[in-house]
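> could you look at this predicted model? Sequence included:
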Amino acid sequence: MNSTALMTFKSHIEGRNADVSIYRDRIEWVRGRGVSGKKLTAGLLTGGVSFLATGVRGSGAGTEMIPVKNISSVVTKRDGLMFTKIVVVASGNTIDFRVPHDAAPGIKSLLTDLVLGHVPAPGHTPPPPVQPSASSSQTGSAVEQLQQLAQLRDAGILTEEEFAAKKTEILARM
């Protein structure tokens, strides 16, 4: 297994915060141990009696991994005012990653590229790009837009962050 993460981020998974790492061949996340907010509130309201009855150990802690080859789709949905839910559907499992709106396009783009095989393995030379045909005018216009963005970035008109955000937006429309 490859040990260099392409991207890492924090997410809210199944009621717990998790550290998520995306690799070329898998997605891994770790949910730490600790007492949930609900359990802490119940303990405070009952003067600690609920802790005595149920214990103070955290639940839901652990790690999980999904191989990229098992992912069948990646979907985004708005989740409140500040978050987007990235739904990863894999054989036998569906995981919701809850991330800030501004991080969602980059995460979805990376996962989609991995599923489609657009991120080459280390040391692997990708095949030359296919020239767009006359029937793919939408793809052609997207390529032209990306070239124009690159020129604006190279001229110093756009920052690297602005370029990356716009590039993600254009690729998502393809």
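All right, it came through fine.

> low-confidence stretches in this structure?
1-2, 13-15, 32-61, 120-140 (pLDDT under 70).

> domain ranges for it?
The chain breaks down into these domains under automatic domain parsing: 1-35+64-121, 133-174.

> next SSE downstream of the lengthiest helix in the chain?
For the chain, the longest helix by residue count, based on DSSP state H, is helix 137-154. The C-terminal neighbour of helix 137-154 among helices and strands, as given by DSSP states H and E, is helix 160-172.

> output that next one as CSV, restricted to C-alpha atoms.
The C-alpha trace of helix 160-172 is given here as CSV (Å, rounded to 0.1, in the frame of the first residue of the first chain):
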residue,chain,number,x,y,z
GLU,A,160,-2.6,29.9,-7.2
GLU,A,161,-5.6,29.5,-4.9
GLU,A,162,-7.9,31.4,-7.2
PHE,A,163,-6.6,29.3,-10.2
ALA,A,164,-7.2,26.0,-8.3
ALA,A,165,-10.7,27.0,-7.2
LYS,A,166,-11.8,28.0,-10.8
LYS,A,167,-10.1,24.9,-12.3
THR,A,168,-12.1,22.7,-9.9
GLU,A,169,-15.3,24.5,-10.8
ILE,A,170,-14.7,24.1,-14.6
LEU,A,171,-13.8,20.4,-14.2
ALA,A,172,-16.9,19.8,-12.2
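
> please consider this matter closed, and thank you.
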